Every structure is written in structure tokens, then in C-alpha cells.
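A.B. asks: Sequence first, then the predicted structure:
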2 protein chains.
Amino acid sequence: MKQLKYVVLARRASQIKEELRQGVRKPYNDVIDVIWGDSHRAGVKPLSFVRQVLAACIYPQLMNGDRLPVDVRERAQRLLGECAGGSVGSYTATAGTPQIVQRISEFITRRDSGAPSHPENIYISPGSQWSLMNILEVLVNNEASTKTGILTPVPCYWATNVSIMELGAVIVPYYLSEEQGWELQVEELHRALESAKGVCNPVALYVINPGNPSGHIQTRKSMQEVIRFVSEKRLFLLADEVYQGCVYRDKSEFVSYKRVLAEMGPPLSDTVELASFHSASKGFMGECGLRGGYVELVNLDPDVMKHINNLFSKDSCAPMLGQMALDLMMNPPQPGDPSYHLYNIETQHIRTTLVHNVQRALAVVNSLQGFSCQPVQGGAFLFPRLHLPPKAIQKAKELGMQPDTFYCLRLLEEAGVLASPGSEYGQKNGTHHIRFCIMTPGDIMEELLNRLTSFHTQFMKDFS
Amino acid sequence: MKQLKYVVLARRASQIKEELRQGVRKPYNDVIDVIWGDSHRAGVKPLSFVRQVLAACIYPQLMNGDRLPVDVRERAQRLLGECAGGSVGSYTATAGTPQIVQRISEFITRRDSGAPSHPENIYISPGSQWSLMNILEVLVNNEASTKTGILTPVPCYWATNVSIMELGAVIVPYYLSEEQGWELQVEELHRALESAKGVCNPVALYVINPGNPSGHIQTRKSMQEVIRFVSEKRLFLLADEVYQGCVYRDKSEFVSYKRVLAEMGPPLSDTVELASFHSASKGFMGECGLRGGYVELVNLDPDVMKHINNLFSKDSCAPMLGQMALDLMMNPPQPGDPSYHLYNIETQHIRTTLVHNVQRALAVVNSLQGFSCQPVQGGAFLFPRLHLPPKAIQKAKELGMQPDTFYCLRLLEEAGVLASPGSEYGQKNGTHHIRFCIMTPGDIMEELLNRLTSFHTQFMKDFS
């Protein structure tokens, strides 16, 4: 497996942090770490309600007295009642605590305007990526003479591609259209599928909506086309929907594949095989470190479901606090609850900040010569295109680096900003990008944009 | 994959609990759930110090004021300082938070009387079983024409065997000697290895010490023999040492394979490849639901280490609270710390209870006609042998069940005790066993033994 560049960058960032601690003088006092989709790392504060409930579950003595709001105590009491032995320290069922799984299915039904969801089709895991691995393991057939192919977008979250390759399958890339705001175009899916002929046997299409790193949100029409495509080509549809809570533009709307499929009616709604992934790590909650995600499976063959059930059963359960975080994400305080006011202020603050961050970042980046960025509708990232001068590309080549990796390393060294290169996600030959997380407090985004502006201006001058 | 019997039993137990909730009359009011090595589930209380620190990390406002002891607040402050963005909601490095990994290596060095331990050889994961899977994945070669073999004990924790088979490898069973208190005898390892000839290519020996389910603790001499054996036969040594904190008999002592290997000196100490597993789930802490374990790797080829590093990197980090639990397990309060007194009382209480439970359970079980149990030195289980009457065996056969599964189902139905059958772990042909967790409060153990006695007496009468 190739060494991932983000590892190199993250390692150098750790060294720089250590150097700063030891008093080494640099043009900056700290590293702004926006390489991950990790809002807490980038300085966003956790939601009080979530943390209060979890703290009370961890240390139930906190429920004595009235230090915590009454709805927090009630919620914690209820969640603890669902733990074996009344402790978050007990194992749960391997698919997750049954009551939480049940409430996830209710959340999905609400979200999808009534499209039915069945608890027995839902598996909680330590993060959505982990579920995806299990489903891929079932899809990939290493005993066949022809390798299994999985259609994945370019650009794509790198970990998925690594997982697919590790399983011995072949990545069949389809390109999102940057010029059309990173739209998924069904003609491109046809081209990609055609390209796989004689190379591998494609069995699944992987989509990320809202896009990572693209920030694009698919329209219902586009999703309908995708569903017809997978039905016609008999592909399994893997829908990574972990950024469903992050929508920034007024006219943009997240609709789940499950819902679009249900609304298309039979025969499609009864036949297209779909796995939809969600997570407590993303969205406004941002609880990556607790490790909780789930997958919902639709229209799977009962024999395949049995196999998947075995796969999920061989590992122990997901961490109970990650499961609880999922539950709280799906069932936040309601108007009238004592915690509602603060919860509402905190989430509104995060939303307002993010909308502002996206607008500011787009405005600044698009104002810089050598940068251009498509509108961002959702997700956690900006993924602007870098138009690098030939001299910079030449320099990178001499150093044996991808040009955008070279750019990111310089950005880190000179401006203390840790972002990742587009080459990590895949991009059209000859194009370059960088990705950075926009889920930060407003002042950190301003500082980041200031540093980026100064650095970039100098970089373009140096290599002009 | 065969349906595991514990799943059938656990499912029936859930139904019975539901029936009890609905008021169905049974000869008992609750199910005593001792099928897992899960002390909180069985009613043991979590340690206050651990839960206080974790609660403060989750909700740092708890550190304001003096409601929590000062060492709890200091510990939480320090741990939070090691989290990116100061939040347990951030991702950590995939091998674990570097400072915690460092302290694990210090713990190992202390435990092993100075045998050196290197942080770069340690990986934290969501439970030790998960690490074991990753190491097995590296050991199993599915491209060779001969299948990979792994020597595993009989009886053995079932999840390991399932994992090995799922990876496409062959289990090469070696039998522990029940008559000698479940001793591991090196002649039996030779026999097992011989038996693999022409069947598979054995590459590793898996040992569980203290034993699960056997409760046996290996002597230094036995471990030295095992080390010489794996060295001579060029086998990788997988040492599952998750019950190292659970030692009950005065003369028994847990010594790690790492230490024995180091003390044997070169060339063995420089060449034998070893993976040692430990976990926050077991021992007196019993925090299964937080999901934290680690593996230490010794004498591995740098190329193999690189591959293992990639395997651990492709998944996200272990849950931060599980990592913190590991840290607290290895660095408990010390004499003089404000939390020491309570911590000491709580752990002593657990220890005294367990020692008493083991003595009581052994005395009761051995007093019953049709039961015999070897001394238990450590671990979390009693694994007595069941001498079933021919009529009971006949009845089970008619029902298409293993005789001990039949016994466990009846025990559950009639006495509300959820234990697991020996056939789940492997046993010599014609022998039968049951396994139950002895990490329970004293009164629950008494109730369990009462129910078991009545049930068993009646069962033996019914089938005499």
C-alpha cells in the first residue's frame, strides 16, 4: 500500500507543534489543523446537551441533585435502563442496543417522510467506515477468476479507496464534473462501466452525498437517474450520507437515497439493493472520537443478510457512548424541553458560523489568482482548484512530489496550515486541488484565510 | 458460518426477560446473565475513580468547583490536554493517542520488571479481539496453495476460532489437559503440529493465559517450554493475556510471555515473534462497553510492521474513552492521592468477592453429583465438567442438539440462568461442560448457585 501523503503531512505537523512548544521561532504560533473532517479538532465546541447526558451515563451520581437539567437526567436514566446491568461498561448486542436501533429506524422514517425502515436492517458500528468495510467484504468475491470492481467517484474520500484495494477489488473511477459544481453525471457512469469491460466485474456503485471532498449535494433528479442506472446494470448502491446534517445553501436540500428509492415505487423500490451510511462523527455534533455510525440495508437477499449479520457478530459491539451519541443526534431536545434553549443557541451558532465560513472562504479563495472554487452546498470541506505555475510543477517534480502535495507541505511549513492535497482524493490528470475543513470557529477561519492569502500570494510570486 | 449457540441462548434470554416484564409467571423473577465475561452486566459496580475522570473528560465543566477530587480533576485535565482541540470528540492517531501509548509501554516495562517496551510496537484498538484480527490477517496467506494453520487451544474462546475460519485459515486444535487443571502440555503441541502435516501450513500458536474458559494460569516453566517450541518450529506466538489482572489463588502468579521471553535472553529474546494482547474490558475495571484494548508486538520484521501499521491505519482510531480507560487501568491512584482510599476499597471489595465467589462456586459445583471442576486460578469463568446421564444425551440427540446446549437451554428456561455450553469452546469428544462468569456480586453468585443446585438436582433425577 502506498504511503498516504496525509500521514507525511500530519507527522510533519506534529513535529512543528513540538518545535513551537520548544520555543523554535516560526512566522506563526500554532498549527491550524484542518486536514480532517473533525470539527472539535478545529476548535468547534461540543454540544452541552450531548455531553451532559453522556457524562451522567458515565457517572450516574451526577443525576443526584439538580445540577443537570431535568431532561438531561431523564434521558440519561432512560439510556442507562437500556444498558445491561445499567452500565455503559457492558457489552451490547453486536448490531447495537436494540432500543437505540429501534429509534434509529424511527428517525429514518421521519426523515424520509414515512418511507418504512426496519430495525433488523440496521447495524450500529464504531463509525460508518467500519460498516462500509463489512458490506464491501460481502460484495467482493476473491474466488472468482475476474476481480470485483467498485465504481467510486473522483474525487473520493481516500479511506474508501484504500479499503477497496485492500480487499483485493478494483476501483472503477467515475469523474464528477467540476465545471458543473462537481455534479454526478449519469453518462459518466456509463462510460466508467464500459471502461471496466475486460478488466473486472463491477458489482457496486459508491456515491458520497453530500460530497466529500466536493461539497456538492445531489438533486432528486440526479439521484433518480443513478437509481435507474444501478437497477439497469444490476449494481449494489452504496450511499455514504454521513454529511446529511451539513447543508449550507438555502436552495440546497439533502434527500436520502432511501427516500428517493421509496418514492420511485415498485419495481425499483422493491429491488434496488442499497446500503446507506450515517455517523455521529459528522454534522454539528462532530463526535468523531466516540466512534458511532450505522448502516441501513434495503432490499438485500435474506441469505446475504444472514452473512452480513455473521460479519457484524464476529466483532464486539460498537462503543456504548458512540451508540448513545447517535441516539442523541437523532433525538435532540424539543421545544419546551429545559435543554432546548441552549441546544438551539449552540446549534444555530454552529450553523451560522459554518454558513459564514463557507461564504468567506469561497470569496477569499476565488479572489486569489491561481485559485478557483465551485459553490459549496454541504459537507465539511472546501476543495478549491489550484492553478499552479509551471515552475512550481517543475519544482515538485524535481522533489519527486505531486505538485499539490508540494504546495500543502509549503503551506504547512511557512504558514502553519495543515490541509491535504487533491492528489489524495483523485483528480483529473493535470488538475490540482487542496482540501480543508470549514467546520471551525469564525476567528480561526479568518486566521486561516489570512495565512492562506499571504502564503499563496508569495508562492505564486516565487514561482511566477 | 454455523449459527453460534450463544446467539440462540441470548435471544431466548431476551424473550424470557420480555415475558417477565409482561407478567408471565416463571419460577424466577429475573434472568442471571453470566454468559459473557462482562462484570457490569453481571452486577459489579464500575470503579468511581475511572468514571469520575471519564465524566470530567466528557463534560469539562464538572471540573469547576470541588465536587470531584483534585486528582480526578488533574487527571482529566491532563488527558484532555492530550486530545486534539481538547475534546474527546476528536479523532486520535490511528495507533492511539501518543501519550497514552507511551504510558502503556511504561506500564509494560514496570509489569515486566524492566524488560524494555517500545511505543512504536504498540497499537490501541477498539478491543483486543480487533487487534488480534489485524495480526491474523497478516499471518494468513490465502494466496499459497496450502492453507495457513493456526494452533489454538481446546477449549478456546469461540470468537477467535470464528475469526480464524473467516480469514480462510485452518484451526489446528491442541487439547489442554483437564485432568491436570487444564495445563498446556508441550507434547500435545508437538502432536497437534504433527497432525497438521499434509493439511495446512501452521504459522502461529495462539495461547490464552490466564485461560478462557479454563481459568488455568501457566507456570513460568510451561511458558519457557512453549517459547522453545515456537522458536524451534518457527511459529508466531499470539498471547491473549487479557485476564492478567484476574488472579485468585495465593500461589498463582501471572507472568507475561514478554517477560519470560526477555528473561530467557538471546538468541530467543531477539528472535521469537510475539504479539501480546490486553484490554480494558477485563480485570476489575470491566469496561467492555467503552471498547479499548492494545497489542504489543515483539521481534517483528520491519516490513511486516509496516504492513501491520497500514492495516491499523486504514481504520479510524479506537474510541477515545476506551483509550482513556486503558490509561486509567494502567495508572490507578497511588497511596497519598485523594482518590486512593476509595479506589482501594472498591478494588479490594471486588477482589475479595471474586475470591469468595470462586471458592463458593467450586465447593457447590463439586458437591453436586454429575459435576466436577478443576481448581480455578484466574480469569473470569468457571468451566466445570458435566457428567450427563445417557438419557439426557439421548434426549438432546433427539432434539438435534449438543447435550450441553440442551442442558444450558433447560437451565435458562427452568432456572433463569444464562450460561453457555462447552461445545461452544471445543472439548474432548464425549465430554461436556458449561461456562459461567464468576465476576458477579456475592449475593448474585449465591442466588446463581442456589438455582443451579435445584435445577441440576432435578435434571439429574429426571434423566436418571
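C.D. replies: Thanks, I have the structure now. Only a predicted model underlies this, so the values are computations on that prediction, with no experimental measurement involved. Residues are numbered from 1 along each chain as shown, chains lettered A, B, ... in the order given.
A.B. asks: Distance check, the spatially closest residue to A:R249 that is not a sequence neighbour against A:V154.
C.D. replies: Nearest-residue entry for A:R249: A:Q377, 4.9 Å, with adjacent residues in sequence omitted and distances by Cβ to Cβ, 6 or more residues apart in numbering or on different chains. (C-beta placed from N, C-alpha, C; glycine too.) Between A:Q377 and A:V154 the distance is 19 Å, computed by Cβ to Cβ, to the nearest Å.
A.B. asks: which residues are in contact with stretch A:242-257?
C.D. replies: A:108, A:111-112, A:128, A:207, A:209-212, A:217, A:220, A:223, A:226-227, A:237, A:239, A:241, A:274, A:276-279, A:281-285, A:293, A:329, A:354-355, A:358, A:375-380, A:439 (Cβ atoms under 8 Å, 6 or more residues apart in numbering or on different chains).
A.B. asks: what about it, start to end distance?
C.D. replies: End-to-end span of stretch A:242-257 (Cα to Cα, to the nearest Å): 12 Å.
A.B. asks: And stretch A:313-321, by the same measure?
C.D. replies: Where stretch A:313-321 begins and where it ends lie 19 Å apart, using Cα to Cα.
A.B. asks: quick one: contacts for the residue of the stretch 351-464 of chain A found nearest chain B?
C.D. replies: Nearest to chain B in the stretch 351-464 of chain A, going by Cβ to the nearest Cβ, is A:T440, at a distance of 9.9 Å. Contacts for A:T440 (Cβ under 8 Å, 6+ apart) come out as A:32, A:34, A:39, A:42-44, A:353, A:357, A:448.
A.B. asks: SS state for it?
C.D. replies: Here A:T440 is recorded as coil under DSSP: H, G, I helix; E, B strand; the rest coil.
A.B. asks: With A:I350 instead?
C.D. replies: Under three-state DSSP, A:I350 comes out as helix.
A.B. asks: Buried ones in whatever helix or strand A:N450 lives in, by neighbour count?
C.D. replies: Assigned by DSSP states H and E, A:N450 belongs to helix A:442-462. Of the residues in helix A:442-462, those buried by neighbour count under the rule 16 or more other Cβ atoms under 10 Å in any protein chain shown are A:444-449, A:451-453, A:455-456, A:459-460.
A.B. asks: mind putting those residues in JSON lines, distance to chain B included?
C.D. replies: Listed next are those as JSON lines, based on distance: Cβ to the nearest Cβ, whole Å:
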{"residue": "A:I444", "distance to chain B": "10"}
{"residue": "A:M445", "distance to chain B": "15"}
{"residue": "A:E446", "distance to chain B": "18"}
{"residue": "A:E447", "distance to chain B": "15"}
{"residue": "A:L448", "distance to chain B": "15"}
{"residue": "A:L449", "distance to chain B": "19"}
{"residue": "A:R451", "distance to chain B": "18"}
{"residue": "A:L452", "distance to chain B": "20"}
{"residue": "A:T453", "distance to chain B": "24"}
{"residue": "A:F455", "distance to chain B": "23"}
{"residue": "A:H456", "distance to chain B": "25"}
{"residue": "A:F459", "distance to chain B": "27"}
{"residue": "A:M460", "distance to chain B": "31"}
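A.B. asks: ok so, going back, so what touches the helix holding A:N450?
C.D. replies: In contact with helix A:442-462 (Cβ under 8 Å, 6+ apart) are residues A:28, A:32, A:34, A:42-43, A:353, A:356-357, A:360-361, A:364-365, A:368-371, A:389, A:392, A:407, A:410-411, A:414-417, A:436, A:438, A:440.
A.B. asks: Are any of these buried, and if so which?
C.D. replies: Neighbour-count burial (16+ other Cβ under 10 Å) is assigned, among the contacts of helix A:442-462, to A:32, A:34, A:42-43, A:353, A:357, A:360-361, A:364-365, A:368, A:370-371, A:389, A:392, A:407, A:410-411, A:414-417, A:436, A:438, A:440.
A.B. asks: So what's the predicted local confidence for A:R103?
C.D. replies: Per-residue confidence at A:R103 stands at 98 (pLDDT).
A.B. asks: Same drill for A:Q377 and A:V154, tell me which one is more crowded.
C.D. replies: A:Q377 (23 against 18; other Cβ atoms under 10 Å in any protein chain shown).
A.B. asks: dump the residue contacts of the more buried one.
C.D. replies: So A:Q377 contacts A:181, A:210, A:215-217, A:247-249, A:252 (Cβ under 8 Å, 6+ apart).
A.B. asks: helices and strands around the host helix or strand of A:I345, which ones?
C.D. replies: Using DSSP H and E, A:I345 maps to helix A:340-367. Secondary-structure packing of helix A:340-367 (3 or more Cβ pairs under 8 Å, 6 or more residues apart in numbering or on different chains; DSSP states H and E): helix A:48-58, strand A:371-372, strand A:381-382, helix A:442-462.
A.B. asks: Of those, which is nearest A:F312?
C.D. replies: A:F312 lies closest, by Cβ to Cβ, to one member of these: helix A:48-58, at 23.5 Å.
A.B. asks: Do the closest one and chain B come into contact?
C.D. replies: Yes: applying Cβ under 8 Å from any Cβ of the partner chain, one finds helix A:48-58 touching chain B at A:51-52, A:54-56, A:58.
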